[in-house]
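*Asks:* Model the structure of this input:
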Amino acid sequence: MSVSIWNRVTTDFYGRYVYGSYVIENETSITVKTSRGKKAMQLRGLNPDRSAERLLRELAAEGKA
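*Replies:* From the prediction side, this is the model:
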């Protein structure tokens, strides 16, 4: 049985704070979710914390954060 540990991510988006959660899966991909949407990407050696912030900003730009 595999347990996923979700972490909190917060970033500033045009003067307001946006919040979400992220999980790293199999050390190769990351998923960020908010109450209105979610996004995922392959890590490919990227920093997971920065990747989570990037995905959260993308969700905010789409009006999903």
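*Asks:* What separation is there between Ser4 and Ile24?
*Replies:* 9 Å (CB to CB, to the nearest Å). Just so you know, the C-beta spots here come from the backbone N, C-alpha and C atoms, and that holds for glycine as well.
*Asks:* Spatially nearest residue to Ser4 (excluding sequence neighbours)?
*Replies:* Val23 (4.9 Å; CB to CB, 6 or more residues apart in numbering).
*Asks:* My assumption is that the one you found lies in a helix; please confirm.
*Replies:* No: Val23 sits outside any helix when classified using DSSP: H, G, I helix; E, B strand; the rest coil, being strand.
*Asks:* What's opposite it in the beta bridge?
*Replies:* Thr31 (DSSP bridges).
*Asks:* Contact partners for the most centrally placed residue in the chain?
*Replies:* Centroid check for the chain by CA atoms, centre = their mean gives Val32 as the closest residue, at 2.9 Å. By CB atoms under 8 Å, 6 or more residues apart in numbering, Val32 lies in contact with Val9, Gly20, Ser21, Tyr22, Lys38, Lys39, Ala40, Ala52, Leu55, Leu56, Leu59.
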